[in-house]
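1. would you be able to build a 3D model of this:
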Amino acid sequence: MAETSWRGDASWGGRLSWRAWLAAGLAALVIAVVLLARLGGAPDSGEAGDRAATARPGNDGVAGETASSAAPPPPAIRAATSFMQAWLRHPPGQSPQQWWEGVSTYAEPGFARQLRLTDPERVPGRVLRGEPTPAAVSPNHVVFGFDTDAGAVLVTCVRLGAQGGAAPQVWKVSDIEPVLQGSGTDAAG
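-> Purely as a prediction, here's the structure:
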């Protein structure tokens, strides 16, 4: 009787060669680098300062930092709230271009370019429920939780502009992501 195992049939050699292991290792490394760049990369503003990652309440996603209990700056609150209002505003007859013009006003340039690919008809939700809840606060980025009629989302705002200079600090949205049900994380923290 032939023995079967998780390796499948022996036609591919049964064991992986060193080349296959090398290729698999390199592929895993590339995936890890891409994920780290996506989650921990600096915003397109050219700042290399704070690196914002996917944040959860109590974790601002920045290595070596912990979320501050400080209140988020009012300009960050306004940017995130205005973005969410524009994000959820897609009345019948509004063109994708009109929707994009509304959300891109509050988005940092790289994220605004990504939003061009979004079909506003597929954006879930129409109504904000309550006020934003700060999930993570640091000097150069804030993550807010928002509750909508379609579920909770996390919105990341980043501070653009000269650090400590006379130029005004501008807060823009750099990411939005749904809070997955059953993840043990909610926007209210």
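2. going by C-alpha atoms from here, please, whenever you check contacts or count neighbours.
-> Fine.
3. thought Pro132 was touching Phe146?
-> Yes: counting by Cα atoms under 8 Å, Pro132 touches Phe146, with 5.1 Å between them.
4. the two - which one has more neighbours?
-> Phe146 (26 against 21; other Cα atoms under 10 Å).
5. helix or strand next in line after the helix or strand hosting that one, which one?
-> Counting by DSSP states H and E, the element that carries Phe146 is strand 141-148. Using DSSP H and E, the helix or strand that directly follows strand 141-148 along the chain is strand 151-160.
6. partner strands of that next one and their direction?
-> Using DSSP bridges, strand 151-160 pairs in its sheet with strand 141-148 (antiparallel), strand 170-178 (antiparallel).
7. low-confidence ranges, the chain, go.
-> Low-confidence segments of the chain (pLDDT under 70): 1-69, 162-167, 182-189.
8. in stretch 116-128, which residues are buried?
-> Buried residues in stretch 116-128, counted by 16 or more other Cα atoms under 10 Å: 116, 120, 125-126, 128.
9. and those residues as a markdown table, adding secondary structure and distance to Pro72?
-> Shown next, in a markdown table, are the buried residues of stretch 116-128 (DSSP: H, G, I helix; E, B strand; the rest coil; distance: Cα to Cα, whole Å):
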| residue | secondary structure | distance to Pro72 |
| --- | --- | --- |
| Arg116 | coil | 28 |
| Pro120 | helix | 29 |
| Gly125 | coil | 25 |
| Arg126 | coil | 25 |
| Leu128 | strand | 19 |
